[in-house]
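J.: Turn this into a model:
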Amino acid sequence: MVYGRERFAREDAVYAEHKRAVAAGERRVLRKTSTGELHSYPADEIGFTPGGGQAQVSTWWGMAIVCSVLGMLFLGSLVMLIVTLLRGHGEWGILFPLLMGAFGVVYTFRLSRDEYRATQLRKLRGSPKPSSSGSVDINLLELGQNRGEQPGASR
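T.: Down below sits the predicted model:
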């Protein structure tokens, strides 16, 4: 299969360029694109990694929706705290959801902002959209290695 050999050659070239850039002190992230090709992104072109233990949302506007839901949790908890304090009951158990809502709003807002900026930089620089599968295992990419799925390779 010629396509497999060509793809492996392209991945080796991208990986070699990535290693040169990292050795030169650049902050780079090696990821697959949404089309499955390997690409070396500057660190500022990667917002957040969906499914990588962080967010399961893959777009900045999706994260903005999560931020607004957590904002409503925060505001609801704040109203409940104020109402109980005005009535003289000190229901301090509401502080936990209040603090979690505040933390969630700040966290998801930053994720959304970073992804928005990264999306704009990728558009400006003409970089492809990264896949939502996360990082690439660099141990599988050593240059010139014998790849098992490569045609003509013995197992």
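J.: ok now do the closest residue to T59 other than its chain neighbours, which residues does it touch?
T.: Spatially, and ignoring its direct neighbours in sequence, T59 is nearest to E115 (7.0 Å; C-beta to C-beta, 6 or more residues apart in numbering). From N, CA and C alone the C-beta is placed, and that goes for glycine too. Going by C-beta atoms under 8 Å, 6 or more residues apart in numbering, E115 touches 47-48, 59-60, 63.
J.: secondary structure element for E115?
T.: E115 belongs to helix 95-125 when assigned by DSSP states H and E.
J.: What distance do you get for R27 to V66?
T.: Noted for R27: a distance of 27 Å to V66, by C-beta to C-beta, to the nearest Å.
J.: Low-confidence stretches in the chain?
T.: Flagging of the chain using pLDDT under 70 yields the residue ranges 1-3, 49-55, 133-155.
J.: hmm, try it at 90
T.: 1-23, 25-63, 73, 76-101, 115, 125-155 (pLDDT under 90).
J.: Would you map the helices across it?
T.: For the chain, the helices defined by DSSP state H occupy 2-23, 60-86, 95-125.
J.: Now render those as TSV, adding distance to S131.
T.: Output for the helices of the chain, formatted as TSV (distance: least, C-beta to C-beta, whole Å):
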stretch	distance to S131
helix 2-23	14
helix 60-86	16
helix 95-125	13
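J.: Figure out which of the ones you listed is closest to K32.
T.: helix 2-23 (9.4 Å; C-beta to C-beta).
J.: which of the residues in that closest one are buried?
T.: For helix 2-23, a neighbour-count test (16 or more other C-beta atoms under 10 Å) marks 8, 11-12, 14-15, 18-19 as buried.
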